[in-house]
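Visitor: compute the structure for the input listed below.
(chains A and B)
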Amino acid sequence: MDIKVLGSECCANCDAQMEIVKKALAKVGRFAKLEKVEDMMEVMNYGVMSTPAIVINGEVKSRGKILSEQEVITLFEDQI
Amino acid sequence: MWNETVNYLVYGLFNMSGNIAKSVHFFIYDSIKILTLVLVIVYVISFIQTYISTETVRDFIQGKSQFVGNLLAAIFGILTPFCSCSSIPLFLGFTQARIPRSATFSFLISSPMNNEIAIAILFATFGWKIALLYTLFGLITAIIGGFIVDKVSKDEDILINIPYMRQVHSASFIKVIFKKRLSDAWKNALTIMKDIYLYVFAGIAVGAIIHGFVPADFITKYAGSNNPFAVFVAVIAGIPMYAGASTIAPLIEPLTSKGMLMGTALSFMMAVVALSLPEAMILKKVMSWRLIMLFFGIVGTGIILVGYLFNAIL
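Guide: The predicted structure follows:
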């Protein structure tokens, strides 16, 4: 799995979302590449204007709100 | 009924009198009333926002005619949350979607000015008529301002190359059920309240001091009906000030009760909320100083005109 958390420098919620994703990942025990993207141009590439957003394998799964740990786990489980 | 309760508290229980009593009464009465109403309105707006994001606004305005685009952009500006750090992604995202620049500017003007907290506080202190008028004038300023800023802007004023947008399939988003929307909205409303309540209290405290201690003719002398430049001065003074709507809105009622004309007070509030130096610094990342100055100049002029119009009709 390739996971990206999209954020910006002045978005406190984005760091929180990153932590939640880390925890969720540890819980499901899956192997994944996780990175935080803060470069505005790269965020724009995904058509995202409101952060935090979560991108899994190149698909935007959530944007503009923080997902809970359980919601993130559900997202992971949808990926085979 | 709430008024009587506070009367009893201040004059009966605390046994206060004179100016201090006036201030304390104002503080208790207004904080509870304003915070309750703001919570209700923020909750309703938060709930609507679970359906509308800036991305949906973008997709909706995309391909509309210029006038409809401006109108929609201004209206959506009321419903979407705004902080000055979101103005860049917003500007880029709209431009990326080939939305006319005029609509983008309309949104940039409308979103901070028609802030739901500002409208909620006006509603709490003056009732729906003033709140509605403020919103209407905010919309008109945003629609016309967007047009004019677009007309005076040149391509070289935009300092950034807008990247190509990948196709995003909205069907792949996580599904959100109704109950979850309600609880998300509640959580969001509480977060917003946590962020703003101190500012609201600060605003009400200053308002309370104005209420109790500033002599009635003091403001009338400088910003009342006999000073034709009052609106102008209020707007110029308001632009560099950086205070949230939550601080400035509770001041409007005490200022007007001490003789400031409604239009002057509302223009001041619009200028503080819609135009600020930090926002200019952030916009600098994507547009030239020339365009930023024009943007501020045009919006400032619009706000001044709105102020005189308000003073004339109220």
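
Visitor: can you pull out the low-pLDDT segments for chain A?
Guide: For chain A, applying pLDDT under 70 flags the ranges A:9-10, A:80.

Visitor: which bits of it sit near chain B?
Guide: A:8-11, A:40-41, A:43-51, A:59-65, A:67, A:71, A:74-75 (CB under 8 Å from any CB of the partner chain). For the C-beta atoms, the positions are set from N, CA and C on the backbone; glycine is no exception.

Visitor: so of the residues you listed, which ones are in strands?
Guide: Among these, DSSP state E puts A:Glu59, A:Val60, A:Lys61, A:Ser62, A:Arg63 in strands.

Visitor: not counting sequence-adjacent ones, nearest residue to the third one?
Guide: Pointing back at A:Lys61 there. A:Ile54 (4.9 Å; CB to CB, 6 or more residues apart in numbering or on different chains).

Visitor: where does the one you found land in three-state SS?
Guide: Secondary structure, DSSP: H, G, I helix; E, B strand; the rest coil: A:Ile54 is strand.

Visitor: wait, it sits on A:Ser62?
Guide: Yes - using CB atoms under 8 Å, A:Ile54 makes contact with A:Ser62 at a distance of 4.7 Å.

Visitor: now the ones in strands among the residues of chain A next to chain B as a markdown table including neighbour count?
Guide: A markdown table is the format used below for these (neighbours: other CB atoms under 10 Å in any protein chain shown):
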| residue | neighbour count |
| --- | --- |
| A:Glu59 | 14 |
| A:Val60 | 21 |
| A:Lys61 | 21 |
| A:Ser62 | 22 |
| A:Arg63 | 22 |
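
Visitor: so what touches stretch A:70-80?
Guide: A:1, A:20-21, A:24-25, A:27-28, A:30, A:54, A:56-57, A:61-62, A:67, B:174 (CB atoms under 8 Å, 6 or more residues apart in numbering or on different chains).

Visitor: list the buried residues in it.
Guide: Using 16 or more other CB atoms under 10 Å in any protein chain shown as the burial criterion, the residues of stretch A:70-80 that qualify are A:Glu71, A:Val72, A:Ile73, A:Leu75, A:Phe76.

Visitor: biggest helix in chain B by residues?
Guide: Ranked by residue count under DSSP state H, the longest helix found in chain B is helix B:178-213.

Visitor: could you list every helix and strand that that one packs against?
Guide: The contact analysis (3 or more CB pairs under 8 Å, 6 or more residues apart in numbering or on different chains; DSSP states H and E) places helix B:178-213 against helix B:18-49, helix B:116-126, helix B:245-257.

Visitor: let's have those helices in CSV, adding distance to chain A and mean pLDDT.
Guide: What follows is these, written out as CSV (distance: least, CB to the nearest CB, whole Å; pLDDT from 0 to 100):
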stretch, distance to chain A, mean pLDDT
helix B:18-49, 9, 86
helix B:116-126, 16, 86
helix B:245-257, 18, 86
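
Visitor: now render these as a markdown table, adding distance to B:Val273 and mean neighbour count.
Guide: Listed next are the helices and strands packed on helix B:178-213 as a markdown table, based on distance: least, CB to CB, whole Å; neighbours: other CB atoms under 10 Å in any protein chain shown:
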| stretch | distance to B:Val273 | mean neighbour count |
| --- | --- | --- |
| helix B:18-49 | 15 | 18 |
| helix B:116-126 | 6 | 24 |
| helix B:245-257 | 5 | 24 |
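
Visitor: show me where pLDDT drops low in chain B?
Guide: Checking chain B against pLDDT under 70 turns up B:81-85, B:163-175.

Visitor: re earlier: take the residues of chain A next to chain B and keep only those in helices.
Guide: Counting by DSSP H, those place A:Met40, A:Met41, A:Val43, A:Met44, A:Asn45, A:Glu71, A:Thr74, A:Leu75 in helices.

Visitor: ok, these vs B:Val44, which is closest?
Guide: The closest of these to B:Val44 turns out to be A:Glu71 (CB to CB; 23.8 Å).

Visitor: ok, now how distant is that closest one from A:Lys65?
Guide: Remark: distance between A:Glu71 and A:Lys65 (CB to CB, to the nearest Å) = 10 Å.

Visitor: right, I'll call it a day here.
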